[in-house]
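Enquirer: Okay, structure incoming, though there's no sequence with it:
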């Protein structure tokens, strides 16, 4: 590690009155899988588009591979692979032709290209569909084609903008595994998503965005350490008196309780064996409960605590 | 009324596109009506004539006077290239060269080989003018052989050429005296082409969205009955078509200085029946779900094709028998025929009962078209 | 890189089957319709059937009777005459049994509608009255010369010689020329695709292309070339169909007809590219504009009503020089009627200038590589 691949400095982008990016800065090191996490409309895609020099921005600096990124910096562009949020393939070309077309924009040598295209097809598992037209592919397969088109030329930097939107779990896992595999092969990855589970699962470092600002950055453990929550208990209780709730709140390390719909949520900052303490207390008072479980903090908790709102609506 | 509401929303989205076409075709309709009226008058046609007088005599001046009587003079230099350009760019419709020695020859009674002319090949006006000039020279010759001086003979001949012929237009029905101006009849005639083109280009895109596989599948799965859906789509289309019709009828009304009488009302009724046919055609095309880019070509094939076969652009009395027979199987034929009767053109006589017969045939076409549309929609629904 | 992009763009346009299919089919269907509609038009305007007329004797007119008798007998009789009274004549006129009624007294005519036949009747009477006046004048002024005058009236004179600067051309070919112009301008649709597919703010495909290390100029040029090739195929099919199947008269320099069609097709593609590069309008609206522009262009060049072009040349003569459809159809026209090449070359140069203008304009409009919003 150590080589800075992407450096975004003080980026500002306005759409008329709306400030899409508000003095946004970011550095990404070689070999990372960098997660850009945030709710819809937080500025993730705008960041990516500015990074790619597709969008004009009002202020700030962007460097990739240590060079200033411009629309004509073909040397830099050659090393980037992008997978857009929208599927961008030709309906009139087959799976193979699409991949070959986009790969051909980067790789001139035919032999190398053929090899690369075949590898890309194998990589996303579309071997059985090479002669298919995109219209005939299912949603998940289409996403995989979209990815293959972006990575066939073996770029050093791969940018994936929400590649798993509307993808079935099987394809999603395949995609996530693939990203990790690409990373192992040496590519640096920028990955945007509003699925925190995905980001948690694969990213080595994460930045959380909201309203065009970076609100937190670090590895997932670092992020979690930033907040006071260390554990959340959820217990299903049919009937809980206010008096009892007070007692629970008085326990050590408890900083928040919430009781609604026959569910009690208790949040702790620090402490050990918290679940046992609570359950003991309930038993002592003859309160019956059905299910109880403990969760470690998630990125959602991080987001919740920093912004006061959930990362995305509960499903 | 969910389907209807959605129809309106989609329509709103597609409105800029529809307005482009409505605007363009409106412009075309108005231009056509004006140009059509201009060609209609063979006799009163003012031709642009350039005279090159190489003789420059008393006689040649008198001839020029006759030639320009009722025509428009154009200045042309005596230079072959300029002459060809003037004819080619239609700056002049006819160029007459009076050869040197014209006056002398005339005095000697020699009427041969006096002029040369340039004109566009196959120009109707050019041929008409040739005939008039021949007839004039014959008259001059005749007067001269009765002993008159050339110039005197020329003025006499010009006088004789301008003898009036009394022409009366006989109208056999009461309303026959109604003013139904030429502009108006041309406007309504060309409307056959315009309405088909407008509806295919403006209504079809909206229907295509409503027919899109995913949307249709979703609507079919909903609790609304099939007939209610069909009804609501018809209702939406009907409203849109009505507005377009009002728009074009109003334009026609304004275009002709707001004349309103029984003939005009009949012409409007004719166009109203025809726009329903056009809507049926548009819906039928939409039912086959072509891509929106192909739609314009289909609009041209159907619109121009039907117009040429049914006598919209070429007068019906000029079309071959076979074409007319084939035309009878197309609704536009009956529309144009009714309009010709209203205007008393193409040898058609104004007769209310005959006009209503045409309307009847048009209504039958409309009914048949909608029956086919419903059938195709039903078949497609089953396929979906 | 050019070849790579070209190859796939070419494949892509070939596979837009519906569009290509219609581009090729469209002139074939419409051309056939035109051919059918005009099949007898030319002969019909030149050769007439005898026009049925009613002659009502309101006054004795022996001379007129004799003349009428003359023109209504024989193989190529001008009229088919029914002599009857006014009441019956009007009934016949109403039933469309006759075209018009001539009264022998004041030689007035009565019609119930207007049309070609009516014009023939009217001009016949006009001519008769002119000659009648000449004869009456002579009879009063120089009765002894009457015979010479009558013979002078019936001499055939050859006073006026038409200088044919061109081969005689059936006017209906104009419609076919304009049809080809329309096919050429429909190439504009492909031009719009090139613009949209290469612009990052118009399509996600465009965005992807913008991120690749391929020069935009190269990518657009390859796209335009591919579409021009497809357009050329369409033009060749269309011209061949009109020339060989429908036997439309293009003159005897068919090679140049193909050449101007192909260049015309290029101009169409370039026009579409130019308009497609304008602003952020949706593909649908751009297509709408393209179609509207091509329709107007063809209309003003005489596709629907063929005297429009003369009208335009009267009021805005410059417009005929730059109206794309008019320029294309003019090249055919020049080839068909002029022997020399100067006008043809001039039209070709105009086409090339327009093509270059549209292409460069499009390049300049798409030159911007960063967008304010996507």
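Expert: Great, that's in hand. Everything numeric in this text was worked out from a predicted model, so none of it was measured.

Enquirer: counting contacts, what elements does the helix or strand that contains residue B:22 pack onto?
Expert: Using DSSP states H and E, residue B:22 sits in helix B:2-40. For helix B:2-40, the packing partners by 3 or more Cβ pairs under 8 Å, 6 or more residues apart in numbering or on different chains; DSSP states H and E come out as helix B:182-210, helix B:226-255, helix C:283-300, helix C:308-315. C-beta: built from backbone N, CA, C; applies to glycine.

Enquirer: what angle do that helix and helix C:308-315 make?
Expert: Here the directions of helix B:2-40 and helix C:308-315 differ by 70 degrees (axes from the mean of the first three to the mean of the last three Cα atoms, to 10 degrees).

Enquirer: Mind listing what's buried along helix B:2-40?
Expert: By neighbour count on 16 or more other Cβ atoms under 10 Å in any protein chain shown, the buried set for helix B:2-40 is B:3-4, B:6-7, B:10-11, B:14, B:17-18, B:20-22, B:24-25, B:28-40.

Enquirer: Now do it: distance to the chain's middle.
Expert: Distance of helix B:2-40 from its chain centroid, counting by Cα atoms, centre = their mean, to the nearest Å, is 18 Å.

Enquirer: Could I get the average pLDDT for the helix or strand that comes right after it?
Expert: Helices and strands here follow DSSP H and E; after helix B:2-40, the next one along the chain is strand B:48-53. Strand B:48-53 shows a mean pLDDT of 87.

Enquirer: ok, which stretches of the stretch 151-300 of chain A are strands?
Expert: For the stretch 151-300 of chain A, the strands defined by DSSP state E, counting those that start in this stretch occupy A:157-161, A:188-193, A:205-210, A:213-218, A:231-237, A:254-260, A:263-268, A:289-295.

Enquirer: So in that sheet, which strands flank the fifth one, and in what orientation?
Expert: Partners of strand A:231-237 in the sheet, by DSSP bridges, are strand A:263-268 (antiparallel), strand A:289-295 (antiparallel).

Enquirer: so of these, which one's packed in deepest?
Expert: Counting by mean count of other Cβ atoms under 10 Å in any protein chain shown, strand A:263-268 has the highest mean neighbour count of the strands paired with strand A:231-237, with a mean of 20.

Enquirer: how far is it from where the chain is centred?
Expert: 27 Å.

Enquirer: Okay, angle between that strand and strand A:254-260 too, please.
Expert: Computed by the same axes, to 10 degrees, the angle between strand A:263-268 and strand A:254-260 is 170 degrees.

Enquirer: Going by the annotation, which residue ranges form each domain of the chain?
Expert: Picked chain A for this. What automatic domain parsing lists as the domains of chain A is A:4-224, A:231-296.

Enquirer: nope, chain B
Expert: The record's domain parsing of chain B by automatic domain parsing lists B:14-39+B:181-383, B:54-161.

Enquirer: Mind putting those into JSON lines with distance to residue C:349?
Expert: Compiled in JSON lines, the domains of chain B are given as follows (distance: least, Cβ to Cβ, whole Å):
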{"stretch": "domain B:14-39+B:181-383", "distance to residue C:349": "29"}
{"stretch": "domain B:54-161", "distance to residue C:349": "16"}
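
Enquirer: Out of these, which is closest to residue A:130?
Expert: domain B:14-39+B:181-383 (25.8 Å; Cβ to Cβ).

Enquirer: of all the residues in chain C, which ones are close to chain A?
Expert: Neighbours of chain A within chain C, by Cβ under 8 Å from any Cβ of the partner chain: C:1, C:4-5, C:8, C:11-13, C:15-16, C:200-201, C:203-205, C:207-215, C:369-374.

Enquirer: Could you identify the helix or strand that succeeds the lowest-mean-pLDDT helix or strand in chain C?
Expert: When the helices and strands of chain C are scored by mean pLDDT, DSSP states H and E, helix C:41-46 comes last with a mean of 53. Using DSSP H and E, the helix or strand that follows helix C:41-46 towards the C-terminus is strand C:51-56.

Enquirer: how big is the angle separating the helix or strand that comes right after that next one from strand C:51-56?
Expert: Toward the C-terminal end, the helix or strand that comes next after strand C:51-56 (DSSP H and E) is helix C:62-71. Helix C:62-71 runs at 160 degrees relative to strand C:51-56, counting by the same axes, to 10 degrees.

Enquirer: Let me know the angle separating the next helix or strand after helix C:62-71 from strand C:51-56.
Expert: Following helix C:62-71 in sequence order, the next helix or strand is strand C:79-84 (DSSP H and E). When the same axes, to 10 degrees is applied, the directions of strand C:79-84 and strand C:51-56 differ by 30 degrees.

Enquirer: Would you mind checking the average pLDDT for strand C:79-84?
Expert: On average, strand C:79-84 scores 86.

Enquirer: Ok, stretch A:69-79 next?
Expert: In this model, stretch A:69-79 carries a mean pLDDT of 87.

Enquirer: Same question for stretch C:152-168.
Expert: 70.

Enquirer: before we move on, what about stretch C:94-110?
Expert: Computed over stretch C:94-110, the average pLDDT equals 83.

Enquirer: What is the end-to-end distance of it?
Expert: 11 Å (Cα to Cα, to the nearest Å).

Enquirer: same check, this time on stretch A:35-48
Expert: Termini of stretch A:35-48 sit 12 Å apart (Cα to Cα).
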